[in-house]
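Peer 1: With the input below, show me the fold.
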Amino acid sequence: MSKSAKVVLVGSDDQVTPSALTLAYAEALRNRNVAVNVTIAPGLSHNILLEPIAMERLKELASTVDAGR
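Peer 2: Residues are numbered from 1 along each chain as shown. Down below sits the predicted model:
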């Protein structure tokens, strides 16, 4: 994962912020030359912050921050 990439995580069953909106947002960022890493977590809904996939992504982000020191 690039240090400068934006990370977006959404559940595939999210009814509040559907994955289609997330993908459209990511595409809009890419059209503005912003690197984006999108993960769609299968079977998860909106409240995913304590799910293992969210913890994995946070650890990845933290490691890129630590590596940049």
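
Peer 1: Every contact and neighbour count from this point should use C-alpha atoms.
Peer 2: Fine.

Peer 1: list the helices and strands the helix or strand Leu29 falls within packs on?
Peer 2: Using DSSP states H and E, Leu29 sits in helix 19-31. If you count contacts as 3 or more C-alpha pairs under 8 Å, 6 or more residues apart in numbering; DSSP states H and E, helix 19-31 packs onto strand 6-11, strand 36-41.

Peer 1: Using PDB, write out the CA atom coordinates for the helix of greatest length in the chain.
Peer 2: For the chain, the helix that runs over the most residues, judged by DSSP state H, is helix 52-67. The C-alpha coordinates for helix 52-67 follow below in PDB (Å, rounded to 0.1, in the frame of the first residue of the first chain):
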ATOM      1  CA  PRO A  52     -11.100  -7.900  11.800                       C
ATOM      2  CA  ILE A  53     -10.900  -6.400   8.300                       C
ATOM      3  CA  ALA A  54     -11.000  -2.900   9.700                       C
ATOM      4  CA  MET A  55      -8.300  -3.700  12.200                       C
ATOM      5  CA  GLU A  56      -6.100  -5.200   9.500                       C
ATOM      6  CA  ARG A  57      -6.400  -2.100   7.400                       C
ATOM      7  CA  LEU A  58      -5.600   0.100  10.400                       C
ATOM      8  CA  LYS A  59      -2.500  -2.000  11.100                       C
ATOM      9  CA  GLU A  60      -1.400  -1.600   7.500                       C
ATOM     10  CA  LEU A  61      -1.900   2.200   7.700                       C
ATOM     11  CA  ALA A  62       0.000   2.400  11.000                       C
ATOM     12  CA  SER A  63       2.900   0.400   9.600                       C
ATOM     13  CA  THR A  64       3.200   2.900   6.600                       C
ATOM     14  CA  VAL A  65       3.200   5.800   9.100                       C
ATOM     15  CA  ASP A  66       5.900   4.000  11.300                       C
ATOM     16  CA  ALA A  67       8.000   3.200   8.200                       C
END
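
Peer 1: pLDDT on that helix, on average?
Peer 2: Mean per-residue pLDDT for helix 52-67: 85.

Peer 1: tell me which residues in that helix are buried?
Peer 2: Neighbour-count burial for helix 52-67 flags 53-54, 57, 61 (criterion: 16 or more other C-alpha atoms under 10 Å).

Peer 1: Perfect, I'm done here.
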